[in-house]
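J.: Pasted the sequence and its predicted model underneath.
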Amino acid sequence: MRPTVIGILAAVGLVAAAVLHGRVRLDPFARAGAAAAGPVTRTPIEAGTVTISEPGFGVIAYRVPLPAATGADNVELRFRDPLDGARVEAFATGPGLHTTLLHKRIGGDTVAVPMPFGTVDTVEVRVHRNLRPPPIVRDVVMVVPAANPR
């Protein structure tokens with residue numbers, strides 16, 4: 001036999017063995033789903049610490065100082081009213097860190113900013129309101145996995 005045929009038969013045999021032993025689920029019609037989220041700790045951030053500024057016409061920036069904790073999954077800003085498709089940008093600042101975390105349109109009343117790996121001191125969220133009334137922050141929460149030590 002040729003080496004390519006032997007290689008193909010060996011690969012098919014290995015896949016069949018993995019499927020039969022239950023190590024691999026072989027279902028071409030299965031839908032991919034998100035992993036079940038584990039328990040989380042929601043740490044509220046006091047609204048008085050959020051600094052609001054207007055860096056440009058039609059743009060409102062919310063600067064949120066974060067508590068000294070690493071390993072946060074995200075920071076959620078909840079507004080009083082829906083943002084109605086406003087463009088939202090988020091930036092993280094920390095020791096040796098300045099990165100863009102979010103750049104998309106948000107239709108609901110909650111902006112969930114994913115956190116990068118490392119220590120983040122502040123998160124700045126900019127909402128481009130463009131002829132909409134200024135959004136008012138209702139509450140800010142930092143979400144940390146419960147298994148993550150502080």
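T.: Yep, it's here.

J.: After the helix or strand of the chain with the lowest mean pLDDT, which helix or strand is next?
T.: Using mean pLDDT, DSSP states H and E, helix 3-20 stands out as the lowest-scoring helix or strand of the chain, at a mean of 79. Next helix or strand after helix 3-20 toward the C-terminus (DSSP states H and E): strand 40-45.

J.: which secondary structure elements does that following strand contact?
T.: Helices and strands touching strand 40-45, by 3 or more CB pairs under 8 Å, 6 or more residues apart in numbering; DSSP states H and E, are strand 137-145. Where you see a C-beta, it was placed from the backbone N, CA and C, and this is true even at glycine.

J.: which secondary structure elements does the least confident helix or strand of the chain contact?
T.: In terms of contacts (3+ CB pairs under 8 Å, 6+ apart), helix 3-20 is not packed against any helix or strand.

J.: Just the C-alphas of it, formatted as CSV.
T.: Extracted in CSV, the C-alpha atoms of helix 3-20 (Å, rounded to 0.1, in the frame of the first residue of the first chain):
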residue,chain,number,x,y,z
PRO,A,3,2.0,5.7,2.5
THR,A,4,-0.8,8.2,1.9
VAL,A,5,-3.4,5.5,2.1
ILE,A,6,-2.0,4.1,5.3
GLY,A,7,-1.9,7.7,6.8
ILE,A,8,-5.5,8.3,5.8
LEU,A,9,-6.7,5.0,7.3
ALA,A,10,-4.7,5.6,10.5
ALA,A,11,-6.3,9.1,10.9
VAL,A,12,-9.8,7.7,10.3
GLY,A,13,-9.1,5.0,12.9
LEU,A,14,-8.0,7.5,15.5
VAL,A,15,-11.0,9.7,14.9
ALA,A,16,-13.3,6.6,15.2
ALA,A,17,-11.6,5.5,18.4
ALA,A,18,-12.0,9.0,19.9
VAL,A,19,-15.7,9.2,19.0
LEU,A,20,-16.4,5.7,20.3
